[in-house]
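1. Need a 3D model of the following:
(chains A, B, C and D)
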2 protein chains.
Amino acid sequence: MSHYCYKNNTMAKTPHDLLSRRERHIMDILYRKGRATAAEVMADLSGSPSYSTVRTQLRVLEEKGHVRHEEEGLRYVYVPATARSAVRRSALRHLVETFFDGSTEKAVAALLGDSSRLSEAELARIAALVEKAKKEGGR
Amino acid sequence: MSHYCYKNNTMAKTPHDLLSRRERHIMDILYRKGRATAAEVMADLSGSPSYSTVRTQLRVLEEKGHVRHEEEGLRYVYVPATARSAVRRSALRHLVETFFDGSTEKAVAALLGDSSRLSEAELARIAALVEKAKKEGGR
DNA sequence: TACTTACTACTAAGTATTTAGTAATGAAGC
DNA sequence: GCTTCATTACTAAATACTTAGTAGTAAGTA
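-> Residues are numbered from 1 along each chain as shown, chains lettered A, B, ... in the order given. As a prediction, the model looks like this:
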């Protein structure tokens, strides 16, 4: 099993790997929404934490450098400190390594497999992307 | 932003969501390897934890029901309690919601985008899958 | 049998996370 | 100016996570 190419103890450390459970949930919410106030984050968290709990956590995340805030009128709007595109890339990579034996093909297959999620138009655009990738010459 | 379809506080709870940081790392290792001894898990963990630390954590994970062990000769081999395919599905789903605005198409595009990772043969097989999905009639 | 090796279980303490209370601030309306 | 509302910051305690020591067991070997 496992033909992924990392050696022991050298798994790339993404910010996500360093987060505690709650912190991860909060970051996920911020990445989904793009930006959010403490109240919005609170609304999306499970377990009905108190407002002050959420605020504390956002402050801690800011101290650790994972989040920054912008003042908007009277209140703070929180934004992830790391670009979504970067985190997304490493998350995808991690998923492929962990659950698809490092095979991008298997991951694509899994996404296509649930084809009820894809419209004809989407499938057509995907087909075009595959063609493009072929022309650019794969590996 | 965010056209994902979950309501507040109803995000599907996958086992993965309930795990602490270390526990998650350990589960990832087990999903990558399929099965592993304490020593193997230890070798793959960052931060050089002691053997006894890793054993304790595997025992805790077992108590919580995330892992089970098989006795193989004298020692234990640990295996995830939840089928890889199930965890994989929800992980993929979560990733699409969090980083691709709920769009499977965008996720596929990101995977194809890094086409240096895909061989011609793989691209050909993916093209065939797209055709198949089209025939089965998308959404 | 006594010694070594390779494991396991139990236990306790250190550290980090998570929680939420209380107080402070500033704007808006009366 | 005083009260209310919506915010924020600070603080302390409870809980959970993480660590690793010590001791026990069984197999193999001299």
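2. For DNA strand D, see how far away the residue nearest the centre of chain A is.
-> Taking CA atoms, centre = their mean, the centroid of chain A lies closest to A:Arg88, which sits 4.6 Å from it. Going from A:Arg88 to DNA strand D by CB to the nearest atom of the strand, to the nearest Å gives 24 Å. C-beta coordinates here come from the backbone N, C-alpha and C atoms, glycine included.
3. Okay, buried residues for the helix or strand containing that residue please.
-> Element membership of A:Arg88 [criterion: DSSP states H and E] is helix A:84-99. Within helix A:84-99, the residues that qualify as buried are A:84, A:87-99, counting by 16 or more other CB atoms under 10 Å in any protein chain shown.
4. Same check on stretch A:49-62?
-> Neighbour count says stretch A:49-62 has A:54-55, A:57-58, A:61 buried, by 16+ other CB under 10 Å.
5. Which member of the buried residues of helix A:84-99 is positioned nearest B:Ala110?
-> Nearest to B:Ala110 out of those is A:Leu92 (CB to CB; 6.1 Å).
6. How about the contacts made by the closest one?
-> Residues near A:Leu92 by CB atoms under 8 Å, 6 or more residues apart in numbering or on different chains: A:107, B:95, B:99, B:107, B:110-111.
7. Now render the buried residues of stretch A:49-62 as JSON lines, adding secondary structure, pLDDT and distance to DNA strand D.
-> Shown next, in JSON lines, are those (DSSP: H, G, I helix; E, B strand; the rest coil; pLDDT from 0 to 100; distance: CB to the nearest atom of the strand, whole Å):
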{"residue": "A:Val54", "secondary structure": "helix", "pLDDT": "96", "distance to DNA strand D": "9"}
{"residue": "A:Arg55", "secondary structure": "helix", "pLDDT": "96", "distance to DNA strand D": "5"}
{"residue": "A:Gln57", "secondary structure": "helix", "pLDDT": "95", "distance to DNA strand D": "10"}
{"residue": "A:Leu58", "secondary structure": "helix", "pLDDT": "96", "distance to DNA strand D": "8"}
{"residue": "A:Leu61", "secondary structure": "helix", "pLDDT": "95", "distance to DNA strand D": "12"}
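8. What ranges does chain A have for its strands?
-> With DSSP state E, the ranges of strands along chain A come out as A:67-72, A:75-80.
9. Which of the ones you listed sits closest to A:His16?
-> That would be strand A:75-80 among these, by CB to CB, at 10.7 Å.
10. who in chain A is up against DNA strand C?
-> Listed as neighbours of DNA strand C in chain A under the rule CB under 7 Å from any atom of the strand: A:20-23, A:47, A:49-50, A:52-53, A:55-57, A:60, A:74.
11. Return the subset of those lying in helices.
-> A:21-23, A:52-53, A:55-57, A:60 (DSSP state H).
12. Find the pair from those residues with maximum spatial separation.
-> Farthest apart among these - using CB to CB - are A:Arg21 and A:Ser52, which lie 18.9 Å from each other.
13. circling back: Throw the buried residues of stretch A:49-62 into TSV and include distance to B:Ser116, thanks.
-> Listed next are those as TSV, based on distance: CB to CB, whole Å:
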residue	distance to B:Ser116
A:Val54	41
A:Arg55	44
A:Gln57	39
A:Leu58	38
A:Leu61	34
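14. Provide a list of residues in contact with A:Phe99.
-> A:107, B:31, B:84, B:87-88, B:91-92.
15. can you list the residues you listed in a markdown table and add pLDDT?
-> Shown next, in a markdown table, are the contacts of A:Phe99 (pLDDT from 0 to 100):
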| residue | pLDDT |
| --- | --- |
| A:Ala107 | 95 |
| B:Tyr31 | 97 |
| B:Arg84 | 95 |
| B:Val87 | 94 |
| B:Arg88 | 94 |
| B:Ala91 | 94 |
| B:Leu92 | 95 |
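16. Which of these sits closest to B:Ile126?
-> A:Ala107 (10.4 Å).
17. Count the neighbours of the closest one for me.
-> Per other CB atoms under 10 Å in any protein chain shown, the neighbour tally for A:Ala107 reads 22.
18. same thing with A:Ala83?
-> A:Ala83, neighbours per other CB under 10 Å, totals 9.
19. Which pLDDT does the model give it?
-> The model reports A:Ala83 with a pLDDT of 95.
20. How about A:Ser116?
-> 73.
21. next one: A:Ala133
-> On the pLDDT scale, A:Ala133 is placed at 89.
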